[in-house]
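Engineer: Below is the structure, and that's it, no one-letter string:
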């Protein structure tokens, strides 16, 4: 088994390479829209969600399936949500991953449309005819739609909006994150397993437990990075969350408490994977990576 | 056969009734998001797309299938597109169907999220487990996604944005409308036929010819209404298109030329339906309605 650092890089190159090929356009009137879509999707990023999809599929002993389209669809949903999150009416951010945000590089109307287009494209990709059984693909589509929608990611953004400036307790904070980032992370893991066409319902439920833990751990670590890590390393404005009066885990539990929670969630995630034996090694490594990363 | 006016009203009540039941929410943090979604979806409207889905399904002699969810999904896509179209960065409209637009009634961030949520929900509905064969449902999902995305409706909005203030010839104007409104109207017709599970490929192609004609006729008539019909009847600001320097058919062909084009498209649409005999009577009536309506 290759080192995890190499695996991470291989997965990132795989999804980057796939995504870069997907935005060809022959219609001059659509050039600007496609440029904005391509700009937002191919602008780097950790690719945590596609990596989870790959690693989850591998937990069933298969890497041969054309899972790129599924991993790509998840990333389109993530990319669209970042475009809309950055808009003036939302977080009003000028920079994302060290480059101008989509509405800064293009314009606000194009950014709204690029986000809308990426969401539609995600569902086009995942429902497109392919090698999967129709009911597998249908279940993947339906699962992604639910994770992206008002009971999932968009719902989380709405809860987040409503929460700025209010006091949340730890349960409410967790609920927000389980919607806002957790839902799509859980979907990434489920989709990888479904794409293998070898997962039974019990295994899907086990993986969902794993995904719930790492989804939350991901957010706790994000909050820690905001406090601890210098902008030059994290690529994000250090202290931006507290400057915006956003509720965070370090603010709620203290920095030590937040670290302890992240570690505990990582341990829980790893322990749920026991039935999978060595096939789940990549998923274990991803769990550790999520709470050790500094950006 | 009941009068068309009664059929129209029955269809409108059917889809309105269906949609009104779909936005229950138990999560207090999501109340505002759901209120904005419900506000935008249940605010009236002609329901042309759902009616086309119903009428197309009936052309195959069946009304018994639970086609509401499909007609509803199309309407969600339409409703989300109106919310985002009305945003300050887009058309910056304050009124829609005589009521404040979503971002006026709520706020801009909520309007962006409500649109995003409705799009995801459309794909959740149409891909949800149901009585259709999995491959029928998959094809419906994929078709709706393509119609909504960058090669369809969103693409049309991008082409429209790029076209304001420029000179379009008639081909370019038609191309824009075939994306912007045509794609979703064609999808409405295809989805109704697919939902019947009785349509062969030749029949689907014939219906698509019909839909291309009425989709364009719909837009030509919209442009005529903007010029001819008083705001008190149309519910839209008379002359708004020319005030915005939008390219229109009356501006390009004159009012008589635009009327002649609308009638000709309607006639073409009706003549393609010949193989369907009396089963397609509702589709013929919808074609006439589209070019005779005053709002």
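Structural biologist: That came in fine, so what should we check first? Keep in mind that what you see is a predicted model, and the values were worked out from it rather than measured.

Engineer: which helices and strands does the longest helix seen in chain A pack with?
Structural biologist: In terms of residue count, the longest helix belonging to chain A (DSSP state H) is helix A:201-228. Applying 3 or more Cβ pairs under 8 Å, 6 or more residues apart in numbering or on different chains; DSSP states H and E, one finds that helix A:201-228 contacts helix A:48-58, helix A:170-177, helix A:183-196, helix A:240-243, helix A:249-272, helix A:281-292. The C-beta positions use only the backbone N, C-alpha and C, and glycine is treated the same way.

Engineer: try 7 Å
Structural biologist: helix A:170-177, helix A:183-196, helix A:240-243, helix A:249-272, helix A:281-292 (3 or more Cβ pairs under 7 Å, 6 or more residues apart in numbering or on different chains; DSSP states H and E).

Engineer: From the chain's centre, how far out is that helix? Work that out for me.
Structural biologist: 11 Å (Cα atoms, centre = their mean, to the nearest Å).

Engineer: ok so, going back, comparing the helices and strands packed on helix A:201-228, which comes out most buried?
Structural biologist: Stretch with highest mean neighbour count among the helices and strands packed on helix A:201-228: helix A:183-196 (a mean of 26; mean count of other Cβ atoms under 10 Å in any protein chain shown).

Engineer: How about residues contacting it?
Structural biologist: A:49, A:52-57, A:60, A:62, A:65, A:67, A:70, A:74, A:77-78, A:136, A:139-140, A:143-144, A:147-148, A:152-153, A:156, A:199, A:203-204, A:207-208, A:210-212, A:214-215, A:218 (Cβ atoms under 7 Å, 6 or more residues apart in numbering or on different chains).

Engineer: Look at residue A:62 and give its secondary structure.
Structural biologist: coil (DSSP: H, G, I helix; E, B strand; the rest coil).

Engineer: quick one: it from chain B, how far?
Structural biologist: 22 Å (Cβ to the nearest Cβ, to the nearest Å).

Engineer: again, but for residue A:21
Structural biologist: Counting by Cβ to the nearest Cβ, the gap from residue A:21 to chain B is 15 Å.

Engineer: burial count for that residue?
Structural biologist: 9 (other Cβ atoms under 10 Å in any protein chain shown).

Engineer: wait, what's in contact with the residue nearest the centre of chain A?
Structural biologist: With distances taken as Cα atoms, centre = their mean, residue A:49 lies nearest the centre of chain A, 4.3 Å away. Contacts for residue A:49 were tallied using Cβ under 7 Å, 6+ apart; they are A:74, A:75, A:78, A:184, A:185, A:188.

Engineer: Chain neighbours aside, what residue packs nearest to it?
Structural biologist: Nearest non-adjacent residue to residue A:49, counting by Cβ to Cβ, 6 or more residues apart in numbering or on different chains: residue A:188, 4.2 Å away.

Engineer: Next, count neighbours for the closest residue to residue A:106 other than its chain neighbours.
Structural biologist: The shortest distance from residue A:106 to any non-neighbouring residue, by Cβ to Cβ, 6+ apart, is to residue A:36 (4.7 Å). Here the number of neighbours of residue A:36 (other Cβ under 10 Å) works out to 26.

Engineer: any idea which helix or strand carries residue A:36?
Structural biologist: Using DSSP states H and E, residue A:36 sits within helix A:31-41.

Engineer: Can you give me the buried ones in that helix?
Structural biologist: Buried residues in helix A:31-41, counted by 16 or more other Cβ atoms under 10 Å in any protein chain shown: A:32, A:33, A:34, A:35, A:36, A:37, A:38, A:39, A:40, A:41.

Engineer: Against residue A:102, how distant is the closest residue to the last one other than its chain neighbours?
Structural biologist: Spelled out, it's residue A:41. Leaving aside its chain neighbours, residue A:41 sits nearest to residue A:79 (4.8 Å; criterion: Cβ to Cβ, 6+ apart). Distance, residue A:79 to residue A:102, by Cβ to Cβ, to the nearest Å: 9 Å.

Engineer: Quick check: phi and psi on residue A:100?
Structural biologist: Main-chain torsions, residue A:100, degrees, to the nearest 10: phi -60, psi 140.

Engineer: what about residue A:161, which helix or strand?
Structural biologist: Here residue A:161 is covered by helix A:153-163, with elements defined by DSSP H and E.

Engineer: Show residues contacting that helix.
Structural biologist: Here helix A:153-163 makes contact (Cβ under 7 Å, 6+ apart) with A:81, A:85, A:147-148, A:176, A:179-180, A:183-184, A:247, B:29-30, B:32-33, B:109, B:113, B:116-117, B:120.

Engineer: 8 Å instead?
Structural biologist: A:77, A:81, A:85, A:90, A:147-150, A:172, A:175-184, A:246-247, B:27, B:29-30, B:32-33, B:109-110, B:113, B:116-117, B:120 (Cβ atoms under 8 Å, 6 or more residues apart in numbering or on different chains).

Engineer: Going by neighbour count, which residues of it are buried?
Structural biologist: Quick answer for helix A:153-163 (16+ other Cβ under 10 Å): A:153, A:154, A:155, A:156, A:157, A:158, A:159, A:160, A:161, A:162, A:163.

Engineer: swap in stretch A:57-72?
Structural biologist: Those would be A:57, A:58, A:59, A:60, A:65, A:67, A:68, A:69, A:70, A:71, A:72, for stretch A:57-72 by 16+ other Cβ under 10 Å.

Engineer: Okay, residue A:108 and residue A:79: tell me how far apart.
Structural biologist: Residue A:108 sits 17 Å away from residue A:79, going by Cβ to Cβ.

Engineer: Any stretches of the stretch 51-200 of chain A with poor pLDDT?
Structural biologist: A:64-65, A:129-130 (pLDDT under 70).

Engineer: Recalculate using a threshold of 50.
Structural biologist: Within the stretch 51-200 of chain A, no stretch has pLDDT under 50.

Engineer: Let me know whether residue A:103 touches residue A:85 as I believe.
Structural biologist: No. Residue A:103 lies out of contact with residue A:85 (Cβ atoms under 8 Å); the separation is 10.8 Å.

Engineer: which of these two has more neighbours?
Structural biologist: Neighbour comparison, residue A:103 and residue A:85: the larger count goes to residue A:103, with 24 against 20 (by other Cβ under 10 Å).

Engineer: what about that one, distance to chain B?
Structural biologist: In this view, residue A:103 and chain B are 8 Å apart by Cβ to the nearest Cβ.

Engineer: same deal with residue A:108?
Structural biologist: Per Cβ to the nearest Cβ, residue A:108 is found 4 Å from chain B.

Engineer: do the same with residue A:294
Structural biologist: With Cβ to the nearest Cβ as the criterion, residue A:294 and chain B are 30 Å apart.

Engineer: Over to residue A:202?
Structural biologist: Taking Cβ to the nearest Cβ as the measure, residue A:202 falls 20 Å from chain B.

Engineer: Could you report the pLDDT at that residue?
Structural biologist: pLDDT for residue A:202: 98.

Engineer: Now for it, how many residues are close by?
Structural biologist: Using other Cβ under 10 Å, residue A:202 has 9 other residues around it.

Engineer: ditto for residue A:278
Structural biologist: 9.

Engineer: a markdown table for the contacts of residue A:49, including distance to residue A:20?
Structural biologist: Output for the contacts of residue A:49, formatted as a markdown table (distance: Cβ to Cβ, whole Å):
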| residue | distance to residue A:20 |
| --- | --- |
| A:74 | 17 |
| A:75 | 12 |
| A:78 | 16 |
| A:184 | 22 |
| A:185 | 24 |
| A:188 | 20 |
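
Engineer: Thanks a lot, see you next time.
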